[in-house]
Each structure stands twice: as structure tokens, then as C-alpha cells.
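In: kindly return the folded structure for what I paste below:
(chains A, B, C and D)
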Number of protein chains: 4
Amino acid sequence: MSHTVRDGQKLIARVRRLKGQLEGIERALEAQKPCAEILRQLASARGALSGLTAEVMEGHLHEHVLHAETEAERRQGSEELLEVIRTYMK
Amino acid sequence: MSHTVRDGQKLIARVRRLKGQLEGIERALEAQKPCAEILRQLASARGALSGLTAEVMEGHLHEHVLHAETEAERRQGSEELLEVIRTYMK
Amino acid sequence: MSHTVRDGQKLIARVRRLKGQLEGIERALEAQKPCAEILRQLASARGALSGLTAEVMEGHLHEHVLHAETEAERRQGSEELLEVIRTYMK
Amino acid sequence: MSHTVRDGQKLIARVRRLKGQLEGIERALEAQKPCAEILRQLASARGALSGLTAEVMEGHLHEHVLHAETEAERRQGSEELLEVIRTYMK
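Out: Residues are numbered from 1 along each chain as shown, chains lettered A, B, ... in the order given. Next up is the predicted model:
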């Protein structure tokens, strides 16, 4: 399933960029940079994390719901997606 | 499709309760109630709106993805769900 | 305090518009409109509720923190604002 | 300002823990762990990032609004806080 592996590589690259953003926040805190700047970096990290999460949700919907191999897998994939949606909609 | 109609009734009842909460906020603003109280009412309305939205998303996933009648409908239902997810994950 | 009253009128007008949006959602549910349309209306209501909440938070910060009459009032106003922030950042 | 430095140390420790969570997500993606597990780890990272952000906002409110040294600093600190609030309430 090279399709999945390629997607995985893209996701891993996104996680690494996000880690880089957190390292920037760590350095900004160590250098006692202004709060306002740190708050902007945190907002940007949140955007990156949300985008990454939306991409994993999209992949999950494609792989485990839309292209599920059995009805049981499709039901389980849907249930897992709903669990995530409920977490974010609280 | 009595199943859908019954679900529809439940959702309509939730929308009406939420409208009632907004009327409470309107009255609180008119009576110049303390901000802190109004902010708590707003947070509670947000929770109600999120819960309602999660329920509509769940219904959509069940009806238009899980129990879609054709593959085309299932693909469209998924695409619509993703559009919503992306909106909330920004 | 005509300033506050005028702001109050603006906020009441926003709550009423939001109530109008919910009535639209109620009618859409009654007419069994497509889920995708209802989900878009719900997302729009959420945006309106968030904007309204941000405006009340802004008013609270101005009135009860920035222009608090005593240090005690300022401390209390800050504590109330933090309570709200923590609710939304969960 | 040892108070600030101590708070800074606590915040740095939180950023490092969050980086550790992201490393866990990176490993889970590399090991092609189930999506549902990765989605749970992402939700947990979001909670950690939100908690960290709320703490920085709290520190900002204390230092640059509540205990601002001048009225000008207090106004600026408030404006910066509102900018962040508006970002999160969109």
C-alpha cells in the first residue's frame, strides 16, 4: 500500500515541522521573549496541529470508512471517527 | 423514513432549547446583568450548539456515508463531512 | 453610563440576529433540508456566537479590568476573564 | 524577577512534555499504528497545547495588565490579549 506509506511520510513531515515550531517556542521562553510573541507562536502551532489532525481524520475516513473492506470495518471506522468528532465538539 | 423524522424531531427540540438559552442571554443583557454571568450563559450556549452540531454530523455520517445507497452518494457524503471537519479544525 | 448602554444595544442586536439564524436552522430541519446545508448553517451560527462572545469578553476586559474603579474590582474582573479563557481553551 | 523565571521554567517543562507527545505521534506514524490511536494522541496533544496557551495568557494578564507599571503598558497588554482571544474565538 504505497499510497498509505506516502501519506504517512507527508504526515511525519508535518509532525516534524510542528516539533520545530515547539522548539522555537522553547527557545523564545528561554530567551524571555515578549508574551505577545510567544502567544502568536502558540496560535500558529495550534493551527498546524489542527491542520495535521484534520488530515489524519480525512485519511481515516478514506481508508477505514469509504474504502473499508467489510461492513464491520466500515462501522468500526465510523464509530472511531465519531469518537474524535465528539472530543473536538465539546 | 420514520427513523429520520424521529431524529429530526429530537434535533428540532435541541434547536428550540438553544433558542431559549439565547432568549435568556437577551434578557440578561437587557437587565444589564453582570458580564461574568452573561459569559457563563454564552459558554453554555456554545456547548449546546457544539453538541447539536456533533449530532447532525453523526446523523450525516450514518445516513449519507455508512448507509449511502450508491458509491457516488457515499463519496459525496464523505466530502461534505470533510468540508465541515476542516471548518471546525481551523 | 451611556457608553455601556449603547454597547448593550449592539450586543442585544447580535443576539437577535443569532436567534434568527437558529430559526432558519429550525425551519431547515422541519423542511428536511439536506444535512450539508444544515451543517453550513450551524457553522455560521457558531461563528456568530464566537464573535458575540469575543465582544462580551472585550467589553468585560475594558470595563472590569482596564477601567476598574478599585484594585479589588480589577483583580476580580481578571479572575472572571481567566475563568472564561480556561473554559474555551479546554 | 524570580517569579517570572520560575513560571518560565514551568512553561518550558510543559513545552518539552508536549514535544515528547509529538515524538510519540511521530513514532506511531512510522510504526503505522492504527489511525484511531494516532487520533487519540493528537487530541491529547491539543489538550496539552491549549492548557499551555491558557497558562501563557494567564501570565500575560497578570504581568502586563493586572500588574502593568504604567497605564500605557496596561492598555497595550490588554490589546495584545484581545488579539489572542479574537484568534481563538474565530
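In: CA atoms for contacts and neighbours, from now on please.
Out: Noted.
In: could you report the neighbour count for residue A:26?
Out: 22 (other CA atoms under 10 Å in any protein chain shown).
In: what kind of secondary structure is whichever residue of chain A sits closest to chain C in?
Out: Residue nearest to chain C within chain A (CA to the nearest CA): residue A:90, separated by 8.8 Å. Three-state assignment for residue A:90 (DSSP: H, G, I helix; E, B strand; the rest coil): coil.
In: contacts only, for it.
Out: Contacts for residue A:90 (CA atoms under 8 Å, 6 or more residues apart in numbering or on different chains) come out as B:47, B:50-51.
In: next one: residue A:8
Out: When contacts are counted by CA under 8 Å, 6+ apart, residue A:8 touches D:29-30, D:32.
In: now render the residues you listed as CSV, adding secondary structure, neighbour count and pLDDT.
Out: Formatted as CSV, the contacts of residue A:8 follow (DSSP: H, G, I helix; E, B strand; the rest coil; neighbours: other CA atoms under 10 Å in any protein chain shown; pLDDT from 0 to 100):
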residue, secondary structure, neighbour count, pLDDT
D:29, helix, 21, 96
D:30, helix, 14, 95
D:32, coil, 13, 93
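In: which one of those residues sits closest to residue D:9?
Out: When these are ranked by distance to residue D:9 (CA to CA), residue D:29 comes first, at 30.4 Å.
In: mind listing residues that contact stretch A:16-33?
Out: A:38, A:41-42, A:45, A:48-49, D:8, D:11-12, D:15-16, D:19, D:22-23, D:26.
In: from these, which shows the smallest pLDDT?
Out: The lowest pLDDT within those belongs to residue D:8, with 89.
In: about what we covered before: now, the most widely separated pair of the contacts of stretch A:16-33?
Out: The largest separation in the contacts of stretch A:16-33, counting by CA to CA, is between D:8 and D:26 at 26.7 Å.
In: follow-up on the earlier one: and the residue of chain A closest to chain C, how far is that from residue A:13?
Out: As defined by CA to CA, to the nearest Å, residue A:90 lies at a distance of 29 Å from residue A:13.
In: buried stuff in whichever strand or helix holds residue A:24?
Out: Using DSSP states H and E, residue A:24 sits within helix A:2-30. Neighbour counts over helix A:2-30 (16 or more other CA atoms under 10 Å in any protein chain shown) mark A:8, A:11-12, A:14-16, A:18-19, A:21-23, A:25-26, A:28-29 as buried.
In: helix or strand right after that helix?
Out: Note on helix A:2-30: by DSSP H and E, the next helix or strand toward the C-terminus is helix A:35-60.
In: so that following helix, near chain D or not?
Out: Yes - Helix A:35-60 is in contact with chain D by CA under 8 Å from any CA of the partner chain, via A:35-36, A:39-40, A:42-43, A:46, A:49, A:53, A:56-57, A:60.
In: list the buried residues in that helix.
Out: Neighbour counts over helix A:35-60 (16+ other CA under 10 Å) mark A:35-36, A:38-43, A:45-46, A:48-60 as buried.
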